[in-house]
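K.L.:
Provided below for reference: sequence and predicted model.
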Amino acid sequence: MHQIRSVIVWIVVVTAVIALITLPVNLQTQLIASICALSVMAIIKILKGEGTWRLIALAFGTAIVLRYVYWRTTSTLPPINQLENFIPGFLLYLAEMYNVMMLGLSLFVVATPLPPRPSRASKLEHFPHVDVFVPSYNEDATLLANTLAAASSMDYPADKLHIWLLDDGGTVQKRNSPKLLEAQEAMARHKELKQLCEDLGVNYLTRERNEHAKAGNLNNGMQHSSGELIAVFDADHAPARDFLKETVGYFEEDEKLFLVQTPHFFINPDPLERNLSTFDKMPSENEMFYGIIQRGLDKWNAAFFCGSAALLSRRALETTNGFSGISITEDCETALELHSTGWHSIYVDKPLIAGLQPATFASFIGQRSRWAQGMMQILRFRFPPLKRGLSMAQRFCYMSSTLFWMFPFPRTIFLFAPLFYLFFDLEIFTASGGEFLAYTLAYMFVNLMMQNYLYGSFRWPWISELYEYVQTVHLLPAVVSVMINPRKPTFKVTAKDESIATSRLSEISRPFFVIFAVQVIALLITIYKIYAEPYKADVTLVVGGWNLINLLMAGCALGVVSERGEQAASRRVRINRRCEFRVDEEWYAASIEDVSVHGARINVFNRRAAGMIKDASGEVRFQPHSGGEMVTLPVVVRNAQAAGDITTVGCQYVPKSAQDHRMIADLIFANSSQWSQFQESRRYNPGIIRGTIWFVGLALYQTSRGLVYFFRSGRSPQKDANAQDTAGAKN
């Protein structure tokens with residue numbers, strides 16, 4: 001009886017919605033209705049309405065979107081007998097419908113995400129054996145030493161913690177390569193890493209052949225280990241001390257749990273953040289996914305494995321023969337297989353690892369191309385909508401995660417659609433200026449407001465569009481290639497710990513300047529058309545405004561591909577930690593102000609320390625996070641500068657033993673609360689109006705900066721290098 005009543009209620013609601021969407025009204029009424037809906041959404045947002053009020057606001061927005069879809073479908077498509085108009089017009093329509101579909105899936109996933117789970121570190125009572133896998137391919141020993149040292153320093157019983165370096169760069173296949181240089185490098189790597197693991201007291205493991213990429217490497221690790229749980233950390237993802245304390249306990253509560261996933265936190269900016277100088281003041285791109293979307297997926301038991309910073313059940317993995325390897329995104333594919341067989345997942349929204357992002361724009365695009373191609377392979381080979389064993393909610397969630405990576409297609413169409421009218425006079429969108437105001441402009445505002453509702457302080461206005469645009473130029477051919485030949489893509493390791501010594505244009509920047517030039521020409525044509533064809537001025541203004549938005553986006557992208565030089569070899573992390581500093585056999589009271597993987601900056605409370613000599617040997621003594629006695633880390637002085645009674649000393653680590661690597665890891669990675677504090681410091685919502693004004697200013701500045709880099713790139717190599725060095729220093 002209850003089910004019958006529910007069906008009746010749904011039928012009534014759907015009927016009412018359809019009637020509302022299809023109700024014939026004049027333009028004035030439509031405009032008033034749109035303004036009223038936007039006003040209600042704005043009032044609820046200003047009053048910070050949550051819970052039911054949040055859903056009411058989203059419902060008003062959904063009504064405007066659906067009303068736009070109905071109008072767009074029934075009134076704006078060019079006649080089918082005018083193929084020159086109809087074909088590009090229909091492609092634009094499909095692009096818009098894709099966006100509407102993705103908005104609908106996003107609403108389902110994140111309309112009411114789960115709140116962050118409370119810490120459970122103090123509640124852990126059972127300590128199962130844990131194997132920690134650190135898969136590696138071409139990372140250097142210093143990077144691996146920090147990650148392995150951090151992993152072995154986790155707060156967990158030593159006899160229950162087993163660390164494994166899974167080295168795919170020193171396999172027998174590589175050491176016996178017919179290419180002499182490759183074989184010599186593999187043998188040297190094998191010997192170096194084996195010694196490193198011995199010094200750190202962790203297990204070194206390689207295999208015969210490089211088969212099935214990362215998934216094959218992890219499965220080889222499973223065959224040589226026996227822990228009940230498996231923690232996976234990428235080579236550049238160092239865990240905090242409380243990682244296992246915060247994650248292990250969930251497996252006691254749910255015997256069908258296969259995954260506890262935690263966020264990926266990065267201590268360095270991605271290329272967009274670095275080149276736009278937004279890292280310290282705006283949330284990172286990945287925070288929208290880890291701060292909101294994964295919590296939304298968690299609500300529907302669809303939070304998926306992200307390749308690192310996760311704890312998995314061996315028992316669950318054995319039911320599907322280990323990690324899946326059909327696609328090059330083995331993480332999401334593995335989660336899909338386990339979800340489809342009835343296993344559960346949990347997402348813990350607390351940064352418990354610190355990693356490194358690609359430093360160059362080319363490496364960033366390479367990483368995103370792999371993600372996009374892998375998700376297209378999952379869509380092709382696993383097809384989540386019809387995957388047996390998934391709940392309907394899980395199907396929607398995996399559709400949202402995989403279909404998202406088709407954004408290069410609509411983004412390309414949105415980029416070039418205005419040009420069809422401005423360059424060729426094609427009418428691919430049949431509407432007047434008044435209709436555009438009443439329907440399209442209202443839809444655009446609603447879209448912005450709904451994004452602001454869903455992601456708020458995690459994603460500022462227009463930033464998603466910028467990230468999609470800068471990826472589209474190079475991801476489009478990558479996605480097309482995997483659709484044509486889904487088995488062609490192979491796993492490529494993302495470059496780690498890169499740095500850019502001098503300011504320069506990215507090696508893959510040329511298409512962005514070509515697109516920008518075309519849009520500048522389109523802007524000039526817009527101005528000409530308004531004066532030469534005043535009878536079509538309303539349509540020309542609308543299309544010209546659309547192109548102007550594209551021009552701002554393209555101009556901002558010029559700044560993205562203008563790589564800023566970095567003087568520091570690695571990113572510094574601010575801390576405030578008491579210590580003692582020794583130089584010339586004398587100890588001084590001091591505090592550590594910031595640290596990196598290579599060195600630290602220390603404030604020494606003694607003006608006499610200013611006279612210390614560059615390259616002088618020294619030591620830093622501090623209390624480790626694990627407690628116990630003070631530990632000492634050898635350093636060498638690189639610079640010293642006095643200010644009153646304080647001398648600021650720049651130091652470089654000189655690790656001489658495994659214990660030294662553990663102390664470096666303790667300085668940088670042990671305290672997870674510093675990552676949470678840093679994220680919170682840059683999470684605030686500027687709002688749509690202020691956010692838009694800020695973005696326009698950013699775009700104008702980055703356009704000028706990109707053009708400066710472009711014109712400087714035409715100089716002689718030596719003059720260009722000097723000029724870019726100067727620009728990098730000023731910026």
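P.N.:
Structure received. Numbering: from 1, shown residues only.

K.L.:
going forward, measure contacts between C-alpha atoms and count neighbours the same way
P.N.:
Noted.

K.L.:
tell me the gap between stretch 360-379 and the middle of its chain.
P.N.:
In terms of Cα atoms, centre = their mean, to the nearest Å, the centre of stretch 360-379 is found 12 Å from the chain centre.

K.L.:
pLDDT on it, on average?
P.N.:
Average pLDDT, stretch 360-379: 93.

K.L.:
C-alpha coordinates for it, CSV please?
P.N.:
Backbone C-alpha positions of stretch 360-379 (Å, rounded to 0.1, in the frame of the first residue of the first chain) are rendered in CSV as follows:
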residue,chain,number,x,y,z
THR,A,360,54.8,21.8,-16.0
PHE,A,361,51.8,22.4,-18.1
ALA,A,362,52.8,19.6,-20.4
SER,A,363,53.0,17.1,-17.6
PHE,A,364,49.7,18.3,-16.2
ILE,A,365,48.1,17.7,-19.6
GLY,A,366,49.8,14.2,-19.9
GLN,A,367,48.3,13.2,-16.5
ARG,A,368,44.8,14.4,-17.4
SER,A,369,45.0,12.7,-20.8
ARG,A,370,45.6,9.4,-19.0
TRP,A,371,42.7,10.0,-16.6
ALA,A,372,40.4,10.9,-19.5
GLN,A,373,41.4,8.0,-21.7
GLY,A,374,41.1,5.6,-18.7
MET,A,375,37.6,6.7,-17.9
MET,A,376,36.6,6.3,-21.6
GLN,A,377,38.0,2.8,-21.5
ILE,A,378,35.9,2.0,-18.4
LEU,A,379,32.9,3.4,-20.1
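
K.L.:
could you point out the longest strand in this protein?
P.N.:
strand 631-643 (DSSP state E).

K.L.:
now stretch 430-443, how far from the centre of its chain.
P.N.:
Distance, stretch centre to chain centre, for stretch 430-443: 34 Å (Cα atoms, centre = their mean).

K.L.:
so which bits of that stretch are buried?
P.N.:
Across stretch 430-443, burial judged by 16 or more other Cα atoms under 10 Å covers 430-431, 433, 435-443.

K.L.:
so which of the residues you listed sit within helices?
P.N.:
The helices, defined by DSSP state H, take in 433, 435, 442-443 from the buried residues of stretch 430-443.

K.L.:
okay, those residues in a markdown table with distance to residue 272 and pLDDT next?
P.N.:
Listed next are those as a markdown table, based on distance: Cα to Cα, whole Å; pLDDT from 0 to 100:
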| residue | distance to residue 272 | pLDDT |
| --- | --- | --- |
| 433 | 36 | 77 |
| 435 | 37 | 84 |
| 442 | 30 | 89 |
| 443 | 28 | 92 |
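
K.L.:
dump these to TSV, plus distance to residue 384.
P.N.:
Output for those, formatted as TSV (distance: Cα to Cα, whole Å):
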residue	distance to residue 384
433	41
435	39
442	34
443	30
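
K.L.:
picking that back up, give me the next element, helix or strand, following the longest strand of the chain.
P.N.:
Next along the chain after strand 631-643, taking DSSP states H and E as the criterion, comes strand 646-653.

K.L.:
what helices or strands is that following strand leaning on?
P.N.:
When contacts are defined as 3 or more Cα pairs under 8 Å, 6 or more residues apart in numbering; DSSP states H and E, strand 646-653 sits against strand 599-604, strand 631-643.

K.L.:
report the angle between the shortest one and strand 646-653.
P.N.:
Put plainly, it is strand 599-604. 150 degrees (axes from the mean of the first three to the mean of the last three Cα atoms, to 10 degrees).

K.L.:
return the list of helices and strands in contact with strand 599-604.
P.N.:
strand 586-595, strand 646-653.

K.L.:
strand 586-595 and that strand, what's the angle between them?
P.N.:
Here the directions of strand 599-604 and strand 586-595 differ by 130 degrees (the same axes, to 10 degrees).

K.L.:
direction included, what does strand 599-604 pair against?
P.N.:
Partners of strand 599-604 in the sheet, by DSSP bridges, are strand 586-595 (antiparallel), strand 646-653 (antiparallel).

K.L.:
so which of the helices and strands packed on strand 646-653 is the most surrounded?
P.N.:
strand 599-604 (a mean of 24; mean count of other Cα atoms under 10 Å).

K.L.:
what comes into contact with it?
P.N.:
581, 588-595, 646-653 (Cα atoms under 8 Å, 6 or more residues apart in numbering).

K.L.:
buried subset of those residues as a ChimeraX selection?
P.N.:
Here is the ChimeraX selection string for the buried members of the contacts of strand 599-604, based on 16+ other Cα under 10 Å:
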select :581,588,590,591,592,593,594,595,646,647,648,649,650,651,652,653
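
K.L.:
so which residue is smack in the middle of this protein?
P.N.:
In the chain, the residue lying closest to the centroid (Cα atoms, centre = their mean) is residue 286, at 3.0 Å.

K.L.:
any idea of the mean pLDDT in the longest strand of the chain?
P.N.:
Mean predicted lDDT for strand 631-643 stands at 88.

K.L.:
same check, this time on stretch 169-183
P.N.:
Mean pLDDT, computed over stretch 169-183, is 91.

K.L.:
how about that stretch: buried residues?
P.N.:
169-175, 183.

K.L.:
which stretches of this structure have low pLDDT?
P.N.:
1-7, 9-10, 13-14, 16-17, 491-499, 567-570, 607-613, 714-731 (pLDDT under 70).

K.L.:
quick check: domain ranges of it?
P.N.:
For the chain, the structural domains run 121-357, 573-654, going by automatic domain parsing.

K.L.:
looking at the ones you listed, which is nearest to residue 701?
P.N.:
Closest to residue 701 of the domains of the chain is domain 121-357 (Cα to Cα; 9.5 Å).

K.L.:
centre of the chain to the closest one, how far?
P.N.:
With Cα atoms, centre = their mean, you get 17 Å for domain 121-357.

K.L.:
what do you get for stretch 116-136?
P.N.:
Distance, centroid of stretch 116-136 to centroid of chain: 24 Å (Cα atoms, centre = their mean).

K.L.:
got it, and stretch 483-493?
P.N.:
21 Å.

K.L.:
ranges for the helices of the stretch 301-450 of the chain?
P.N.:
Assigned by DSSP state H, counting those that start in this stretch, the stretch 301-450 of the chain shows helices spanning 314-319, 330-340, 361-381, 392-403, 408-424, 433-435, 442-455.

K.L.:
neighbouring contacts of the fourth one?
P.N.:
Surrounding helix 392-403, the residues in contact under the criterion Cα under 8 Å, 6+ apart are 102, 105-106, 108-109, 297, 300-302, 336, 375-376, 378-379, 384-387.

K.L.:
which residues are in contact with residue 380?
P.N.:
Residues in contact with residue 380 (Cα under 8 Å, 6+ apart) are residue 486.

K.L.:
for the helices of the stretch 301-450 of the chain, give me a markdown table that also has distance to residue 71.
P.N.:
Listed next are the helices of the stretch 301-450 of the chain as a markdown table, based on distance: least, Cα to Cα, whole Å:
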| stretch | distance to residue 71 |
| --- | --- |
| helix 314-319 | 49 |
| helix 330-340 | 37 |
| helix 361-381 | 31 |
| helix 392-403 | 25 |
| helix 408-424 | 19 |
| helix 433-435 | 10 |
| helix 442-455 | 11 |
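
K.L.:
for residue 631, find the nearest of those helices.
P.N.:
When the helices of the stretch 301-450 of the chain are compared (using Cα to Cα), the closest one is helix 314-319, at 36.5 Å.

K.L.:
elements contacting the closest one?
P.N.:
Packed on helix 314-319, when contacts are counted by 3+ Cα pairs under 8 Å, 6+ apart, are strand 257-261.

K.L.:
how many degrees apart are the strand it packs on and helix 330-340 in direction?
P.N.:
140 degrees.

K.L.:
just checking, what packs against strand 257-261?
P.N.:
helix 250-253, strand 310-313, helix 314-319, strand 344-347.

K.L.:
so which residues make contact with the longest one?
P.N.:
The set of residues that contact helix 314-319 without belonging to it, under Cα under 8 Å, 6+ apart, is 227-230, 256-258, 323, 338, 343.

K.L.:
please list only the buried members of these.
P.N.:
Listed as buried from those are 227, 229-230, 257-258, 323, 338, 343; burial here means 16+ other Cα under 10 Å.
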